[in-house]
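# Quick one: sequence plus predicted model below, questions after.
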Amino acid sequence: MFDLSALEAEVAGTVYAGKLHFSAVTGSTNTDAIAAARNGAPQGSVFFADEQRAGRGRGDHTWESVAGQGLYVSVLARPNLEPAYLPLVPLAAGLAAADAIRTATGLEIDLRWPNDLLIGPRKTGGILVEAQSESNGVAFVVVGVGINVHQRSFDPGLATPATSLDIESGHVFGQQINRQALLVGLLKSLERETLGLLDPLKRASLPERVEAASSWVRGRCVDVHGPQQYMGTTEGLDEHGFLLVRTAQRLVQVQTGGIRESSC
């Protein structure tokens, strides 16, 4: 369980100070954050839980959220950001999560566009960004992050095999990754990356940084799934964070959906 008093002390001086909202059990932290945002919750509000009973991933997928086994957290931002740059938000969150995991465990994370956190071929986390835009810009953005920390068993029918930080770190029972340290690291990294999106120079460099952290966005043969169905080789990201895929016919800009490894 989390030590809430210690957490408040650890985020003092950040945008999250005094805005931590913990639930032992909830449906979905993203749902909680969206409801709070619509009721006027301030920038930097954090909603996290020990267990989710209706955890959500992208594309209406469920996210298994066993009590005490993972990190389930959603952060509310109200950035002065043009809606055209919203696709950069999950990429920035991926960099933040990778940095937090590396700091807490020493493990290297591979980012699979647009929102998967992988260790080798196995998925250890995902990101769900939900936003509301208005005529004059972005009203709010909710960044949800789910990370498998202590889990030891997974549904064998998953499209991508799953893993956890404990498994990948070689930890045995009783020698586990500290979820609280991981949460603090994630929040601080998210604050830095979110602020970076507001700086035109840092925002412009984000696709290049993601490419450096990912084996998927350039030179990988992939199947694109979702509204668009293609097979081709990835050729990087454009300035808005969309994936470029070279098919047999043309260069395609992939705006939605996801990718899986293929053989061209």
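Now that the structure is in, tell me what you want to look at.

# avg pLDDT for stretch 178-197?
Model confidence over stretch 178-197 averages 96 on the pLDDT scale.

# So which bits of it are buried?
In terms of neighbour count (16 or more other CB atoms under 10 Å), stretch 178-197 has its buried residues at 179-180, 182-191, 193-194, 196-197. All C-beta atoms are positioned from the backbone trio N, CA, C, and that covers glycine.

# Dump that stretch to PDB, keeping only the CA atoms.
Presented in PDB, the C-alpha positions along stretch 178-197 are these (Å, rounded to 0.1, in the frame of the first residue of the first chain):
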ATOM      1  CA  ASN A 178       8.900  -0.200  -4.900                       C
ATOM      2  CA  ARG A 179       5.700   1.100  -6.400                       C
ATOM      3  CA  GLN A 180       5.800   4.300  -4.500                       C
ATOM      4  CA  ALA A 181       9.300   5.200  -5.800                       C
ATOM      5  CA  LEU A 182       8.100   4.300  -9.300                       C
ATOM      6  CA  LEU A 183       5.100   6.600  -8.900                       C
ATOM      7  CA  VAL A 184       7.200   9.500  -7.700                       C
ATOM      8  CA  GLY A 185       9.600   9.100 -10.500                       C
ATOM      9  CA  LEU A 186       6.800   8.900 -13.000                       C
ATOM     10  CA  LEU A 187       5.100  12.100 -11.800                       C
ATOM     11  CA  LYS A 188       8.300  14.100 -11.900                       C
ATOM     12  CA  SER A 189       9.200  12.800 -15.400                       C
ATOM     13  CA  LEU A 190       5.600  13.600 -16.600                       C
ATOM     14  CA  GLU A 191       5.900  17.100 -15.300                       C
ATOM     15  CA  ARG A 192       9.100  17.600 -17.100                       C
ATOM     16  CA  GLU A 193       7.900  16.100 -20.400                       C
ATOM     17  CA  THR A 194       4.500  17.900 -20.300                       C
ATOM     18  CA  LEU A 195       6.200  21.300 -19.800                       C
ATOM     19  CA  GLY A 196       8.500  20.400 -22.700                       C
ATOM     20  CA  LEU A 197       5.500  20.200 -25.000                       C
END
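
# where along the stretch 51-200 of the chain do the strands fall?
According to DSSP state E, counting those that start in this stretch, the stretch 51-200 of the chain carries its strands in the segments 70-77, 110-112, 116-119, 122-134, 137-148.

# of the ones you listed, which approaches residue 87 most closely?
Taking CB to CB as the criterion, residue 87 comes closest to strand 122-134 out of the strands of the stretch 51-200 of the chain, the separation being 8.8 Å.

# Tell me where the stretch 1-150 of the chain is predicted with low confidence.
57-63 (pLDDT under 70).

# picking up where we left off before, out of the buried residues of stretch 178-197, which is nearest to residue 140?
When these are compared against residue 140 (criterion: CB to CB), the nearest one is residue 194, at 12.2 Å.

# what bridges to the residue nearest to that closest one when sequence neighbours are not counted?
Leaving aside its sequence neighbours, residue 194 sits nearest to residue 77 (CB to CB, 6 or more residues apart in numbering; 5.5 Å). Here residue 77 shows beta-bridge partners residue 141, assigned using DSSP bridges.
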